[in-house]
Structures are given as structure tokens and as C-alpha cells.
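# I'd like to go over a predicted model; first the sequence, then the structure.
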Amino acid sequence: MRSTITLSALAATLLFAACTDTTGLSAESSRGPKGNPGAPVIVQEFADLQCPACGAAHTVVIQPLLEEYGDRIRFDYNHFPLQAIHPYALRAAMASECAADQGKFWEYVDTVFANQSNLGARALEEWAVQLGLDEELFKRCLDSQIKRDTVLADYNKGRELNVNGTPTFFVNGKQTPSNQLKQAVEDAFASVTQRL
């Protein structure tokens, strides 16, 4: 009986998503990097918006790193929702992509990480309103699941790079533990300088 109810709920969700008007919506990501897009040092993160370790790293590692090196590094965020243990991770990732379409990707990510303990379906929409997003457009984008493939493309890219958990960082393509990120950035600067 339980699996019948679950399958029925899934079918209803997919049917609703298929019926949502996608006029004016894009399946592509419109998020850009943070920092300097042309920087020779690239820091790449694979993260899950519901992951407590990602939330901590966002505050303790990433924000200070961007404050110190923001104009000299390119910081790229990639979605890696761990759906088996974080039931809102995929929806939160899609919501951040819907916010990106309105120019508020980074603000939305900051809001989710700052309020992670309140993460839920209702909160995702409330945060969009707090950020001044067009509520109707955001809700249509989220309900349509038009960003699902974009999020899963990030996830698949992570799997190809042997990402197994979150957060996972790379500096100029080399996987780096979060507690060594600052040193890896300094080493990357030194390497770039030597090549010049």
C-alpha cells in the first residue's frame, strides 16, 4: 500500500510539473561566477544546500576566502544534491537557479545557508519574496522543475570528477580539502607567477 501511495504522489508531482506554464522560463543556468571571471586561479565547489558541513564551510571558509581574494580568484559553485539524505537539496538547488534567472543566485545561496535549519518547501518561496524576486515567476520556475536537468548536470560533472560528498573543492582542477583551501590558492598564485 505504501509504495502505491508513493508512486501516486510521484506521478501527481510529475503531471503537475508537466502542466506548469514555462513561458518566459529557461532551462539553462544564468548563474555566473563570484569574484573575477578572468582570474587565473579558479576555485570550484560542489555543494548541497541542505548539507550542514556545506553551510559551515560557506561561512567559515568561502566567505573569508572571497573577502581576501575575491578580485583575484574565480569562484564557481556547482550543485551536488545528496537526495538520499537531504530531501530538500534538489528543490533548493532548483530554487537557487530560479533566483539566478532574476539576478539573485548568490544572494539566494547565502540566504539558504544562513537559514538552513528552516529549509523546507515553504521557506524556499518565502526567501524568494524576502529577496524581492518576482514571486509568480519564481514559483512557476520552481514548480515546472525546468532547472532540474541543469542541477543534475552539475551533479553528474561532480561524479565524473570523483566527488563523493559535500563540500568538495578544487583549485585549478586539483581536489583540495577545505582546511587547505587558502594554502592551495596561495600555491596556485605562486605557480601562475612562476609561469609568467
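Thanks, I have the structure now.
# Can you check what pLDDT the model gives the nearest residue to residue 87 once chain neighbours are set aside?
Excluding its sequence neighbours, the residue lying closest to residue 87 (Cβ to Cβ, 6 or more residues apart in numbering) is residue 50, at 7.7 Å. Using the backbone N, CA and C atoms, a C-beta is placed for each residue, glycine as well. Here, the pLDDT recorded for residue 50 equals 98.
# what kind of secondary structure is residue 50 in?
coil (DSSP: H, G, I helix; E, B strand; the rest coil).
# ok, which stretches of this structure are helices?
All helices of the chain, identified by DSSP state H, fall at 2-19, 52-57, 63-69, 89-100, 105-114, 121-130, 135-144, 148-160, 181-195.
# Turn those helices into a markdown table, columns for mean neighbour count.
Below are the helices of the chain laid out as a markdown table (neighbours: other Cβ atoms under 10 Å):
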| stretch | mean neighbour count |
| --- | --- |
| helix 2-19 | 10 |
| helix 52-57 | 19 |
| helix 63-69 | 14 |
| helix 89-100 | 26 |
| helix 105-114 | 20 |
| helix 121-130 | 17 |
| helix 135-144 | 18 |
| helix 148-160 | 16 |
| helix 181-195 | 14 |
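# Now do residue 64 against residue 48, distance only.
Per Cβ to Cβ, to the nearest Å, residue 64 is found 21 Å from residue 48.
# likewise residue 99?
Distance from residue 99 to residue 48, counting by Cβ to Cβ: 17 Å.
# burial of the residue nearest to residue 87, as a residue count?
A total of 24 residues lie near residue 50 under the criterion other Cβ atoms under 10 Å.
# Surely it and residue 119 touch.
Yes: the criterion here is Cβ atoms under 8 Å, and residue 50 meets it with residue 119 at 5.7 Å.
# Please identify every residue contacting each of these two.
88, 92 (Cβ atoms under 8 Å, 6 or more residues apart in numbering).
# Quick check: pLDDT value at residue 26.
Looking at residue 26, its pLDDT is 82.
# In the protein, which residue is most central in space?
The structure's the chain has its C-alpha centroid closest to residue 79; by Cα atoms, centre = their mean the separation is 4.2 Å.
# Just want to check the distance between that one and residue 45.
Counting by Cβ to Cβ, the gap from residue 79 to residue 45 is 10 Å.
# And for residue 93?
According to Cβ to Cβ, residue 93 and residue 45 sit 13 Å apart.
# Could you do residue 113 as well?
When Cβ to Cβ is the yardstick, residue 113 and residue 45 sit 12 Å from each other.
# what do you get for residue 96?
13 Å.
# same deal with residue 55?
As judged by Cβ to Cβ, residue 55 and residue 45 stand 12 Å apart.
# just residue 84 next, same as before
20 Å.
# the more surrounded of the two?
Higher neighbour count among residue 84 and residue 45: residue 45, with 22 against 7, using other Cβ under 10 Å.
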